[in-house]
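Participant: Can you look at this prediction? I've put the sequence above it.
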Amino acid sequence: MVSGLLLVILAPLLAGLAVAIRLTSPGPALFRQERAGKAGRPFTFYKFRTMRLQADPFGPSPKSGDDPRLTRLGRFLREYSLDELPQLVNIFKGDMSLVGPRPLYVAQMVEWDERQKKRLLIKPGLTGLAQISGRGTLTREEKLELDVRYGERASLGLDARILLVTFVRVFAHRGIYEKRYSQAEWTRGQATSDPSAAARSGKRLEE
């Protein structure tokens with residue numbers, strides 16, 4: 001199994017990062033949270049902790065490396081996506097796969113329409129089509145649509161391409177931080193300063 005082999009190979013790195021996190025900020029090395037898996041079944045999701053203990057675990061994602069909730073080491077981990085490595089344990093346990101939609105909160109499922117819920121037909125992944133198509137620069141709606149498209153087109157060839165592009169973009173530091181959450185949020189912001197721009201933005205996504 002690929003995830004088991006990677007866990008063995010990366011064990012020294014994982015142990016070193018865990019120790020570094022404990023030494024540089026108070027709190028556990030691992031961040032645990034319930035997420036929705038295939039068919040909506042909840043599972044415990046693992047990441048290296050990148051935020052300070054007082055940060056709201058259900059709060060918005062950092063919009064830049066200057067977010068005060070991030071620890072100094074946490075910024076580094078995020079910029080190189082090293083905080084995601086503990087998810088190899090999720091893959092080994094069968095809760096996730098290397099490629100697929102990113103696992104979201106269980107509570108978010110009620111917000112999705114019937115098409116968006118199709119993302120639950122496959123296991124969530126360490127990386128996916130949305131992550132190589134814009135990541136933090138995409139809105140929630142755009143990410144959900146890309147997740148569904150991946151499920152409709154999944155193949156070994158597509159998985160190989162996603163993994164290769166992911167590897168390249170990790171070192172390019174692209175789209176690490178979330179710029180905007182939803183299309184509605186973006187449209188409201190644009191409408192405040194330029195109503196015509198908001199209309200263009202909405203049309204672009206509908207197409």
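Facilitator: Right, received. Where do you want to start?

Participant: which residues in this protein form helices?
Facilitator: 2-24, 72-79, 87-93, 129-132, 140-153, 156-172, 183-193, 195-206 (DSSP state H).

Participant: Quick one, which of the ones you listed gets closest to residue 111.
Facilitator: Ranking the helices of the chain by proximity to residue 111 (C-beta to C-beta) places helix 140-153 first, at 8.6 Å. C-beta here means a position set from N, CA and C on the backbone, and glycine is covered the same way.

Participant: sorry, back to before: could the helices of the chain be laid out in a markdown table, adding mean pLDDT and distance to residue 54?
Facilitator: Output for the helices of the chain, formatted as a markdown table (pLDDT from 0 to 100; distance: least, C-beta to C-beta, whole Å):
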| stretch | mean pLDDT | distance to residue 54 |
| --- | --- | --- |
| helix 2-24 | 95 | 16 |
| helix 72-79 | 93 | 13 |
| helix 87-93 | 97 | 24 |
| helix 129-132 | 92 | 28 |
| helix 140-153 | 95 | 26 |
| helix 156-172 | 89 | 29 |
| helix 183-193 | 46 | 25 |
| helix 195-206 | 34 | 35 |
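
Participant: Mind putting these into JSON lines with mean neighbour count and distance to residue 121?
Facilitator: Shown next, in JSON lines, are the helices of the chain (neighbours: other C-beta atoms under 10 Å; distance: least, C-beta to C-beta, whole Å):
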{"stretch": "helix 2-24", "mean neighbour count": "13", "distance to residue 121": "21"}
{"stretch": "helix 72-79", "mean neighbour count": "18", "distance to residue 121": "29"}
{"stretch": "helix 87-93", "mean neighbour count": "19", "distance to residue 121": "18"}
{"stretch": "helix 129-132", "mean neighbour count": "23", "distance to residue 121": "14"}
{"stretch": "helix 140-153", "mean neighbour count": "18", "distance to residue 121": "6"}
{"stretch": "helix 156-172", "mean neighbour count": "14", "distance to residue 121": "16"}
{"stretch": "helix 183-193", "mean neighbour count": "14", "distance to residue 121": "23"}
{"stretch": "helix 195-206", "mean neighbour count": "12", "distance to residue 121": "23"}
